[in-house]
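Visitor: got a sequence here, can you model it:
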Amino acid sequence: MERRVNRFIEERGSEFGIRNSGFGVRGSGFGIRVLFVYCLGLYFSLFALSGCGYSTNALIAPHLKTIAIPLVENQTMRPGLGEALTDSLISAFTRDRHLRVTNIENAHLVLECRITGYNRTPQAYDEKQNVYAYQVTIDANCKAEDKVKSEIVWEEPVSAWITYDPKQESEEKGIEKVIAKLASEIVRRTITSW
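Guide: Next up is the predicted model:
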């Protein structure tokens, strides 16, 4: 690396008022700063160009264009979680736009989920032992099945959690946030499990 810098200084250093005296770089402070900014810009340009080819489109099998999301089964005692996750998944896949949401008869891929756990636990207490932070966790088992090839694309448990302040937010708001986080994770796994 040092040789490259020295070669650069010998070749282009005069443009910036810098010379290599054999004992280190000599020149005006302004010239050294300009060289530093020039090298920094070159580095970041190369860094930015190295990531330009990334896309999750390549991870989805080309024959899969549509997805069906049946009503999520809720096996917990907390009512409304299945409907909330179903709605959140439909919204998340619609926003993602890799797969178009459709009915089961027309779907290339069917995503079935079952909520298996709901837990709300205290996470932090104040000096009077009052709870000032709760953690809400929702666990689900999900399976994505390719209907075109009649094979399971992925099947595994998925979990998400958030922490909320009960003085600032209700438990329902915490549930809404964790459902959105869980839906995002399920979309990510569905899109990248190829």
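
Visitor: quick check: domain ranges of the protein?
Guide: Following automatic domain parsing, the chain resolves into domains at 2-50, 57-192.

Visitor: any idea which of these has the lowest pLDDT on average?
Guide: Lowest mean pLDDT within those: domain 2-50, a mean of 57.

Visitor: hmm, back to that, any chance of the domains of the chain in a markdown table, with mean neighbour count too?
Guide: C-beta: built from backbone N, CA, C; applies to glycine. Conversion of the domains of the chain to a markdown table gives the following (neighbours: other CB atoms under 10 Å):
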| stretch | mean neighbour count |
| --- | --- |
| domain 2-50 | 12 |
| domain 57-192 | 16 |
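
Visitor: where does Glu176 fall, secondary structure wise?
Guide: Using DSSP states H and E, Glu176 sits within helix 171-192.

Visitor: so what touches that helix?
Guide: 56, 59-60, 67, 78, 81, 84-85, 88-89, 91-93, 96, 98-99, 109, 111, 113, 120, 134, 136-138, 140, 142, 144, 153-154, 156, 158-162, 164 (CB atoms under 8 Å, 6 or more residues apart in numbering).

Visitor: those in strands, which ones?
Guide: Counted as lying in strands by DSSP state E, out of the contacts of helix 171-192, are 67, 109, 111, 113, 120, 134, 136-138, 140, 142, 144, 153-154, 156, 158-162, 164.

Visitor: ok, and the closest non-adjacent residue to Thr121?
Guide: Leaving aside its sequence neighbours, Thr121 sits nearest to Gln135 (CB to CB, 6 or more residues apart in numbering; 5.3 Å).

Visitor: if we can go back for a sec, then the helix holding Glu176 to CSV, C-alphas only?
Guide: Output in CSV follows, covering the C-alpha atoms of helix 171-192 (Å, rounded to 0.1, in the frame of the first residue of the first chain):
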residue,chain,number,x,y,z
GLU,A,171,-50.2,-3.3,24.4
GLU,A,172,-52.2,-3.2,21.2
LYS,A,173,-49.7,-0.8,19.6
GLY,A,174,-46.9,-3.1,20.7
ILE,A,175,-48.7,-6.0,19.1
GLU,A,176,-49.2,-4.0,15.9
LYS,A,177,-45.4,-3.3,15.7
VAL,A,178,-44.3,-6.9,16.4
ILE,A,179,-46.9,-8.2,13.8
ALA,A,180,-45.4,-5.8,11.2
LYS,A,181,-41.8,-6.9,12.1
LEU,A,182,-42.9,-10.6,11.9
ALA,A,183,-44.5,-10.0,8.5
SER,A,184,-41.3,-8.3,7.2
GLU,A,185,-39.2,-11.3,8.3
ILE,A,186,-41.6,-13.8,6.7
VAL,A,187,-41.5,-11.8,3.4
ARG,A,188,-37.7,-11.7,3.6
ARG,A,189,-37.4,-15.4,4.1
THR,A,190,-39.9,-16.1,1.3
ILE,A,191,-38.0,-13.9,-1.2
THR,A,192,-34.5,-15.1,-0.3
